[in-house]
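>>> I need the structure of the sequence given here:
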Amino acid sequence: MATVEVNPDLLRWAIDRSGLSMENLYKKFPKLDAWLAAEKPPTFRQLENFARTTMTPFGVMFLNEPPEEKIPVPDFRTTSDDSVDRPSPDLSDTIQLMQLRQMWMREWLNEQGNESLTFIESADVRRNPKSLAQEIRQTLDLAPEWAEQTASWEAALTTLRRAMERIGILVFSNSVVGLNNHRPLDPQEFRGFVLCDDIAPLVFVNDADSKSARMFTLAHELVHLWLGTGGIFNLINMLPAKKPMERFCNEVAAEFLVPEFKLTGAWPKARKTSDRFLLLAKQFKVSPLVVARRALDLKLISKPEFFRFYEADRQDFLRRREQAKQKQKDKKSGPDFYTVQNARLGRPFSAAIVRATREGRILMREAYRLTGMKGKTFDSYSERVLERVRNERE
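Sure, this is the predicted structure:
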């Protein structure tokens, strides 16, 4: 069988980029060492399988050298040593899919006569964080106590997401790449990102993160839209950001979710309890670490107290993450497929796609590409979307 000459550096790049273990790759490709040593090149089918396994675009394997892969939006991610690895294929593919959806939605909204959204790029980092947080709440038509009045984190997330969608923000969320449950998104790599646009601003939230963490991600990304900046975000344990813009976004997001006057008012009673951070977290529908960080910034607690809680919370987080993984393995049922798709695609985008297909203004193959659903699956989902739209109008 004919073989294909391929630069071994491209193979190494694809392996490194994929994050897959060499042990697993050797099991699937026993001759991998010979390929890497340029002793015996792979066949066309083997190379095609290798590209698919490492989530590498097949055409890349025929380049002379590895490409320089860049994230197409500002990267505000940080790690403990302030270095960020190259984006994983999962992150890159998710951003590309969201760009595709945003581009289509922008054209659709322009056809509908939508005008630019006035809140996009209406602020800068010189603004008072309290003032900007209040402005964002008013634009979203949310009272300072909106989160306290919701019954759960899930309800608070839904309330905030729908408020964002009402003012023209596209909100997408997912815990995997597209519909591929074998490609989970890692919240340690990224918690969310913003693709800023004055017609179709887009926010993506990593659903693999906890509900309380997703609350902060949504609030943080809202501030980015007011500043008119896109970006990818992975706040590490509420430690101070080193980039000025991220520090500002965090300050505004914290004030948006946990207003200073509300926290200082609740603190005298809460501080007397041993689980004060958890108690207040349930009140404001954020993580206990967000409350602890807010208390530190407002000088309600000392730095030693914060870092004691920080370390305990970190250990608790690791324990809860393992428990969640096991729970997911043991889980036999959950929301039905179409309910999950509603959350993944968002209400404005799904309604626009279904309307466009019914009016013949978009080819079915394009609708399939944008949603990931095909044939009868897409038809069934469309019927559910139309029923939802009808109910909302009544």
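
>>> how many neighbours does the closest residue to Phe277 other than its chain neighbours have?
Nearest non-adjacent residue to Phe277, counting by C-beta to C-beta, 6 or more residues apart in numbering: Pro288, 4.0 Å away. Placement of C-beta: from N, CA and C, glycine included. By the measure other C-beta atoms under 10 Å, the count of residues near Pro288 is 22.

>>> Spit out the contact partners of Pro288.
Ser212, Phe277, Leu278, Leu280, Ala281, Phe309, Asp313 (C-beta atoms under 8 Å, 6 or more residues apart in numbering).

>>> Would you mind measuring from the third one to Ala219?
Here the criterion is C-beta to C-beta, to the nearest Å. By it, Leu278 lies 20 Å from Ala219.

>>> circling back to that earlier point, separation between the residue nearest to Phe277 and Ala133?
21 Å.

>>> Can you name the next helix or strand after the helix or strand bottoming out on mean pLDDT in the chain?
Using mean pLDDT, DSSP states H and E, helix 303-330 stands out as the lowest-scoring helix or strand of the chain, at a mean of 67. Sequence-wise, the next helix or strand downstream of helix 303-330 (DSSP states H and E) is helix 337-345.

>>> Show me what that following helix is packed against.
Applying 3 or more C-beta pairs under 8 Å, 6 or more residues apart in numbering; DSSP states H and E, we find helix 337-345 packed against strand 170-174, helix 347-358, helix 375-393.

>>> The same query, at a cut-off of 10 Å, please.
Judged by 3 or more C-beta pairs under 10 Å, 6 or more residues apart in numbering; DSSP states H and E, helix 337-345 is in contact with helix 153-166, strand 170-174, helix 347-358, helix 364-371, helix 375-393.

>>> Next, the angle helix 375-393 makes with it.
70 degrees (axes from the mean of the first three to the mean of the last three C-alpha atoms, to 10 degrees).

>>> Name the surrounding residues that touch helix 337-345.
With contact meaning C-beta atoms under 10 Å, 6 or more residues apart in numbering, helix 337-345 is reached by 101, 157-158, 161, 170-176, 178-179, 205, 207, 334-335, 350-351, 353, 370-373, 377-378, 380-381, 383-385, 388.

>>> Buried members of these into PyMOL, please.
This is how PyMOL selects the buried members of these, with burial counted by 16 or more other C-beta atoms under 10 Å:
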select buried, resi 101+157+161+170+171+172+173+174+175+176+205+207+350+351+353+370+371+372+373+377+378+381+384+385
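
>>> Let me have the contacts of Pro288 in a markdown table, adding neighbour count, secondary structure and distance to Leu20 as columns.
Below are the contacts of Pro288 laid out as a markdown table (neighbours: other C-beta atoms under 10 Å; DSSP: H, G, I helix; E, B strand; the rest coil; distance: C-beta to C-beta, whole Å):
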| residue | neighbour count | secondary structure | distance to Leu20 |
| --- | --- | --- | --- |
| Ser212 | 21 | helix | 31 |
| Phe277 | 25 | helix | 38 |
| Leu278 | 16 | helix | 38 |
| Leu280 | 25 | helix | 42 |
| Ala281 | 20 | helix | 37 |
| Phe309 | 21 | helix | 37 |
| Asp313 | 19 | helix | 31 |
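
>>> Point out the least confident one among these.
Ranked by pLDDT, the contacts of Pro288 bottom out at Asp313 (67).

>>> Where does pLDDT dip in the stretch 51-200 of the chain?
Along the stretch 51-200 of the chain, the model assigns pLDDT under 70 to residues 78-85.

>>> Where do the helices of it begin and end?
For the stretch 51-200 of the chain, the helices defined by DSSP state H, counting those that start in this stretch occupy 89-111, 129-140, 153-166.

>>> What sits closest to Pro57 if chain neighbours are left out?
Ala51 (7.2 Å).

>>> neighbours around the one you found, how many?
Residues contacting Ala51 under the criterion other C-beta under 10 Å number 19.

>>> Okay, it and Leu10: tell me how far apart.
Ala51 is 10 Å from Leu10, by C-beta to C-beta.

>>> Spit out the residues that contact the two alike.
Counting by C-beta under 10 Å, 6+ apart, the shared contacts of Ala51 and Leu10 are Val60, Met61.

>>> measure stretch 10-30 end to end?
18 Å (C-alpha to C-alpha, to the nearest Å).

>>> Many thanks, have a good one.
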